[in-house]
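[1] With the sequence up front, the predicted model follows.
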Amino acid sequence: MKGYKDTIYKTVYQYNQIPIPAADMERLQEIARDCREVRNYVYDKYGGIRSLPKIYPGYTVQNEMTKSGLRERLGLPSVYFYLSIFDALGDIKSQWARTKNRIGKNIRENPNLTPKDRHYLRFVIKQSQCFESILAGGEPKLPGDWKKSYAAVCEDVDTHRLNQYLRRQVRRHLDRSHTDTADGFPASPKSYRYGDHGIYLSTKESRKRLFIPLTDNNRYARQIYIRLYPEEGKVTINIPVEVRQRHPAGYAGEIGLAVGLKCMFVTDQGRTYGEKYLEYQSALTDYVRERLPRHRRNAKNNPGMKKYNAGKARLEKALHDYVNGEINRMLETEKPETVYYPKLPAKSKAGVNRRVNATVNMWQKGFVKSRLLQKCRERSIGLSEVFGKGIGIQCSSCGADGVKKDDTFRCPSCGLELPERQNAARNVLNRGRGLKEEQQKSSL
Ligand SMILES: [Zn+2]
């Protein structure tokens, strides 16, 4: 099997070799200001609820912007004009994704909604035609199979009330983008040419290119960003470059993990790692609780303290070796390309020696995570944290709230039955995938 190749982006920079003359800087700033005006124009005109049907895939916006006369009024080269439109559209799309996420969270946490209400709302948020018609105040007209699924989710719910709720939520959470900064502008290969140890940039004067000598001779052919530092007479050229990473042979796919003390990891497939974690952890915790010398004065010369420290170090090492071994075993068995990990709120369980327990626990949890991070890095595996609230009660198949009993999760809505921790791990995977899709959409 060949090694798996993954592509990540990082930014490289190029710098001007000599200070930019004030007149040239002014010409660059003028482009930056015009690009800002184009962006704000797009935000104002297409950032609202009624423009939602226009922004996917965006040709309508492009056509309307061409007809708007804005470009001619500004006298801006078309390459800068259209790049600014796409940038602004990207921002509007991420704004919508954020809004839908926030509403999804409110739906999960709203106690006045029944499981069927939630199911209905989640359906109409996901189905873009439904979502658009409901926001516009109309009835969705759906093709074939969608029509049936829509009819099914409408059963036994007050769609009128829920649609009103949804519209209110959107109005409340959809923020309009606006930018006041004009610190640079995007440029594509149509608007620049490398040569003579520098770069030639299109300007607003037709056929006149502005030359900037650069400190290096590298050449790129992609969309770049010209960042201006007028006070210092400086520019940087920011270039996103792909960095290919080679995974060890066979590493592919994504896994979601549920994490805990009882068992370090349960995967979305239900496989378990670190089942003895609690034994090692308790050995250490009990030792600390029982043996910690009462007299901690003169700690350095106190023989009791020395013995205690040695004993504690031995148990810590055993725990760490166990954690390291189990993380290695997990990564070598699962061979994932990406690992999703839940971000959990720090909480301490009340107990007898609460203070000691909390201190050791928190530290050990941090240790597991930092070791996992390190070991993923060494293997070029992506580790992504996802929102962890509610992963235990949410159904990983339909999203409704379920019931946990005897370590088993049951969903009253769709009938799913799974080990509780596996259901949680599947939610982590779902959330991780959702996050990735959102990031990919907003980077288009
Ligand atoms: Zn379900």
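    That came through, no problem.
[2] Who are the contact partners of Y13?
    Residues in contact with Y13 (C-beta atoms under 8 Å, 6 or more residues apart in numbering) are T236, I237, N238, I239. C-betas here are computed from N, CA, C, even on glycine.
[3] ok, of those, which one's closest to the ion?
    N238 (45.2 Å; C-beta to the ion).
[4] just checking, the closest one is part of a strand?
    Yes - counting by DSSP: H, G, I helix; E, B strand; the rest coil, N238 is found in a strand.
[5] element containing the closest residue to it other than its chain neighbours, please.
    Distances taken as C-beta to C-beta, 6 or more residues apart in numbering put Y225 closest to N238, at 4.3 Å, once the chain neighbours are dropped. Per DSSP states H and E: Y225 is located in strand 224-229.
[6] Mind giving me the packing neighbours of that strand?
    Under the contact definition 3 or more C-beta pairs under 8 Å, 6 or more residues apart in numbering; DSSP states H and E, strand 224-229 sits against helix 22-46, strand 184-187, strand 234-249.
[7] pLDDT value on the residue nearest to N238, please?
    Looking at Y225, its pLDDT is 95.
[8] Next, count neighbours for it.
    By other C-beta atoms under 10 Å, 17 other residues sit near Y225.
[9] correct me, but it touches F185?
    Yes - Y225 is in contact with F185 according to C-beta atoms under 8 Å; the separation is 7.4 Å.
[10] and the chain, which residues reach the ion?
    Within the chain, the positions lying close to the ion (C-beta under 5 Å from the ion) are C395, S397, C398, A400, C411, S413, C414, L416.
[11] Compare those residues and tell me which is most surrounded.
    When those are compared by neighbour count (other C-beta under 10 Å), C395 ends up highest, at 24 neighbours.
[12] what's the nearest residue to it if we skip its chain neighbours?
    Nearest one to C395, counting by C-beta to C-beta, 6+ apart, is C411 at 3.8 Å.
[13] Please apply the same query to D401.
    Per C-beta to C-beta, 6+ apart, closest to D401 is I393, 5.2 Å.
[14] quick one: the strands in the stretch 101-250 of the chain?
    For the stretch 101-250 of the chain, applying DSSP state E, counting those that start in this stretch gives strands covering 184-187, 192-195, 198-202, 209-213, 224-229, 234-249.
[15] let me fix that: the stretch 301-444 of the chain
    338-343, 382-387, 403-405, 408-410, 417-419.
[16] Okay, now the sheet partners of the fourth one, with direction.
    Strand 408-410 has the following strand partners under DSSP bridges: strand 403-405 (antiparallel), strand 417-419 (antiparallel).
[17] if you compare these, which one is most tucked away?
    strand 417-419 (a mean of 15; mean count of other C-beta atoms under 10 Å).
[18] How about residues contacting that one?
    If you take C-beta under 8 Å, 6+ apart as the criterion, strand 417-419 is touched by V266, G270, S396, D407, T408, F409, R410, C411, R426.
[19] Could you do stretch 40-60 as well?
    Counting by C-beta under 8 Å, 6+ apart, 61, 64-65, 68, 70, 84-86, 88-89, 91-93, 95-96, 128, 131-132, 135-136, 170-171, 174, 176-179 sit against stretch 40-60.
[20] can you rerun that using 10 Å?
    61-65, 68, 70, 74, 84-93, 95-96, 99, 128-129, 131-133, 135-136, 167, 170-171, 174-180, 441, 444 (C-beta atoms under 10 Å, 6 or more residues apart in numbering).
[21] filter the residues you listed to the buried ones?
    61, 65, 70, 74, 84-93, 95-96, 99, 131-133, 135, 170, 174, 177 (16 or more other C-beta atoms under 10 Å).
[22] Thanks again, I'm all set now.
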